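Q: okay, structure incoming, though there's no sequence with it:
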């Protein structure tokens, strides 16, 4: 009977990232009772991605000692443009072969035999921090996900603010007119200075110009092909000058963009998540606040700036909240 | 009897600007039935300002063929930090001798014998455009008041968004890290490029560097001591190269900051008001939209960008809406 009670309230959550897929199973109190991780496919197309998502969730379900039929539902936090009603994902440029719109929700429901709801990855991660993490004490907050790109989520008066469906693109706020070219093709975006992808491009450019750094040596030592958050953290620990300079620039850009958002919205709190945000932790959240201060219009009353509490699983836990809302 | 009906619903509204005071009397349908304008005192202190506000409203009441005792109440849109409950105004640096907090509401009530409510100048002007002007068709909008400084107001889901009391400071969003010094002391703010005050400082600096412009000749011809909106408009009409260059820079900065706000909030509309905004009109609102486009993340669906419809009286009409809310 105890098992029956538990299984009725268990829900799945999947965070679909550009690099990895995180899946969790949570109980009725939103506690993680199972988890799994798989790399995001780098070849193939949406169907292959959907299969990997299903595998990751099945692994998490097994980790929880359950079966997928025990879930009341599952949610997916996905990049790209989401149509929640249709369960479709489009404009997901970081995913392999994802051209046009793909009905990810229906595909996963067929694979898993449980209702699946799709949401925006950073929106669900922000809501998770607001409801269960570092954002609990606040009514209004900005989530800043500092990773490969820089994503954002907004909670205003305890509700997600979605605008016309594409809000909180803090990574594409302009911090420097006529500034660096962003991966999105625009100029002077925050992400052009603070996205992990842009930071890596900048490091490669400096190396081509003859500057010294251990970043790429550390990358190879760790068997990586990209400058991961762990590589950046290690390089800084070793006082690698180039790494420090690039991270300082990123923090300066984050400070300017987040301060601009605060000057516009006067929110109570900022929650810093994402691969780099979580890896660097509260000391770097404090540094971001330091970089905001010269730009804050009401400088005697800055918002709280907190590192995300739910860590790497925040996105998947947030996705599981989607299932809660729609489960029958 | 007709007069009695009209007088019961008449309300006063006063816009307290750094340069001038605009006062209106409106009827129950928010139609302006009387108006007056006085220069803002440049010497003295808050009591002198309060006296001029009272004079301006009395003039507007006389213009409407009424007496102040006929008003059901009055509102004031003021710069600075407002405590609406106490009726106090502080941090109003542009007003003469305004140190600390002054109880403007009670002082005006004593002068006028009618209930007085104080609100933020740009917030009330934004609400006026939302309820009665260019913002009527929209549920969410950003008001941008392009004048001596650059102020902002936010309406989200049909309600003013005030944050913790100091929202919508779009003039102090950062458009250029390490950029020009702003009048507020910070670096790279929108206002440092687009505020009329900063534009004038820039023009003077260029003249000191030996560049030619008719701006200051036009200023003197018009008997002005500052580069007013009219002077800028005339210089551009005459194809003054320096004036065009400075206005182009201002428009570029407005485009970047407003696009950043749209990328963050995904609002439906932007309403451009303020001295320069209204003087330049819809063609320049269109140019601001043009300058936003390279920075808009969802570039196929830009917000509407409209010039304010209520013109120079928008602030005073907005202030009269404060009285409506609190009138007994």
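A: Arrived safely, thanks for sending. Remember, it's a predicted structure, so these values are computed and weren't measured experimentally. Numbers count the residues shown, from 1 in each chain, chains lettered A, B, ... in the order given.

Q: which residue is the nearest non-sequential neighbour of the closest residue to chain B within the stretch 1-150 of chain A?
A: Distance from chain B to each residue of the stretch 1-150 of chain A (C-beta to the nearest C-beta) is smallest for residue A:140, at 7.0 Å. C-betas here are computed from N, CA, C, even on glycine. What sits nearest to residue A:140 in space, not counting adjacent residues and going by C-beta to C-beta, 6 or more residues apart in numbering or on different chains, is residue A:267, at 4.4 Å.

Q: can you give me the strands in the stretch 101-250 of chain A?
A: For the stretch 101-250 of chain A, the strands defined by DSSP state E, counting those that start in this stretch cover A:116-120, A:141-146, A:150-156, A:159-160.

Q: sketch out the low-pLDDT regions of the stretch 1-150 of chain A for me.
A: A:1-8 (pLDDT under 70).

Q: recalculate using a threshold of 80.
A: A:1-8, A:93-94 (pLDDT under 80).

Q: for chain B, what are the nearby residues on it?
A: residue A:140 (C-beta under 8 Å from any C-beta of the partner chain).

Q: those helices in the stretch 1-150 of chain A, which residues are they?
A: Along the stretch 1-150 of chain A, counting by DSSP state H, counting those that start in this stretch, helices occupy A:2-9, A:46-63, A:104-112, A:121-132.

Q: the stretch 201-328 of chain A too?
A: A:215-221, A:229-237, A:241-265, A:274-280, A:282-292, A:314-326.

Q: circling back to that earlier point, of all the helices of the stretch 1-150 of chain A, which one is nearest residue A:257?
A: When the helices of the stretch 1-150 of chain A are compared by C-beta to C-beta, helix A:121-132 sits nearest residue A:257, at 14.7 Å.

Q: ok, residue A:304 - contacts?
A: A:137, A:138, A:268, A:269, A:270 (C-beta atoms under 8 Å, 6 or more residues apart in numbering or on different chains).

Q: just residue A:89 next, same as before
A: Residues near residue A:89 by C-beta under 8 Å, 6+ apart: A:46, A:78, A:79, A:80, A:81, A:82, A:98, A:101, A:102, A:104, A:118.

Q: buried subset of the residues you listed?
A: A:46, A:78, A:79, A:80, A:82, A:98, A:101, A:102, A:104, A:118 (16 or more other C-beta atoms under 10 Å in any protein chain shown).

Q: out of those residues, who's nearest residue B:152?
A: Checking the buried ones among the contacts of residue A:89 against residue B:152 with C-beta to C-beta, the nearest one is residue A:82 at 29.6 Å.

Q: wait, that closest one touches residue A:119, no?
A: Yes: if you go by C-beta atoms under 8 Å, residue A:82 and residue A:119 touch, sitting 6.2 Å apart.

Q: show me the contacts for the residue of the stretch 101-250 of chain A found nearest chain B.
A: Nearest to chain B, among the residues of the stretch 101-250 of chain A, is residue A:163, at 2.5 Å (C-beta to the nearest C-beta). Residue A:163 makes contact with B:140, B:265, B:266, B:267, according to C-beta under 8 Å, 6+ apart.

Q: can you pick out the most distant pair from these?
A: It's B:140 and B:266 that sit farthest apart of those, by C-beta to C-beta, at 8.3 Å.

Q: tally of neighbours for residue A:69?
A: By the criterion of other C-beta atoms under 10 Å in any protein chain shown, residue A:69 has 10 neighbours.

Q: meant to ask about residue A:185, not that
A: 9.

Q: what about it? Give its phi and psi, please.
A: Here is the backbone geometry of residue A:185 (degrees, to the nearest 10): phi 100, psi -10.

Q: and residue A:65, by the same measure?
A: Dihedral angles (degrees, to the nearest 10) for residue A:65: phi 70, psi 30.

Q: okay, now the unreliable bits of the stretch 201-328 of chain A?
A: A:324-328.

Q: interface residues of it facing chain B?
A: A:252-253, A:256-257, A:259-261, A:263-268, A:294-295, A:297-298, A:301.

Q: who's in contact with the spatially closest residue to residue A:252 that is not a sequence neighbour?
A: Leaving aside its sequence neighbours, residue A:252 sits nearest to residue A:291 (C-beta to C-beta, 6+ apart; 5.4 Å). Each residue near residue A:291 by C-beta under 8 Å, 6+ apart is listed here: A:251, A:252, A:254, A:255, A:256, A:259.

Q: what's around the residue of the stretch 1-150 of chain A closest to chain B, how many residues?
A: The number of residues near residue A:140, taken as other C-beta under 10 Å, comes to 23.

Q: quick one: it and residue A:155 touch, right?
A: Yes: here residue A:140 reaches residue A:155: they are 6.1 Å apart, a contact under C-beta under 8 Å.

Q: tell me the domain boundaries of chain A?
A: A:2-125+A:313-326, A:135-309 (automatic domain parsing).

Q: count of neighbours near residue A:244?
A: A total of 15 residues lie near residue A:244 under the criterion other C-beta under 10 Å.

Q: and it, how far from residue A:275?
A: 18 Å (C-beta to C-beta, to the nearest Å).

Q: before we move on, what about residue A:263?
A: Separation of residue A:263 from residue A:275 (C-beta to C-beta): 27 Å.

Q: quick one: which of these two has more around it?
A: Neighbour comparison, residue A:263 and residue A:275: the larger count goes to residue A:263, with 28 against 20 (by other C-beta under 10 Å).

Q: which neighbours do residue A:82 and residue A:119 share?
A: With C-beta under 8 Å, 6+ apart as the test, residue A:82 and residue A:119 reach no residue in common.

Q: what lies in contact with stretch A:191-211?
A: Outside stretch A:191-211, the residues that reach it (C-beta under 8 Å, 6+ apart) are A:146-150, A:171-172, A:175-176, A:179-184, A:213, A:215-216, A:226-229, A:232, A:242-243, A:246-247, A:249-254, A:257, A:275-276.

Q: over to stretch A:171-186?
A: By C-beta under 8 Å, 6+ apart, stretch A:171-186 touches A:149-152, A:187-195, A:197-198, A:253, A:256-257, A:260-261, B:174-179, B:252-253, B:256-257, B:259-260, B:263-264, B:294-295, B:297.

Q: write a ChimeraX command that selects only the buried members of those.
A: Command for ChimeraX that selects the buried part of the contacts of stretch A:171-186, burial taken from 16+ other C-beta under 10 Å:
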select /A:149,150,151,152,187,188,189,190,191,192,193,194,195,197,198,253,256,257,260,261 /B:174,175,176,177,179,252,253,256,257,259,260,263,264,294,295,297
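
Q: list the buried ones in stretch A:203-216?
A: Within stretch A:203-216, judged by 16+ other C-beta under 10 Å, the buried ones are A:203, A:206, A:213, A:214, A:215, A:216.
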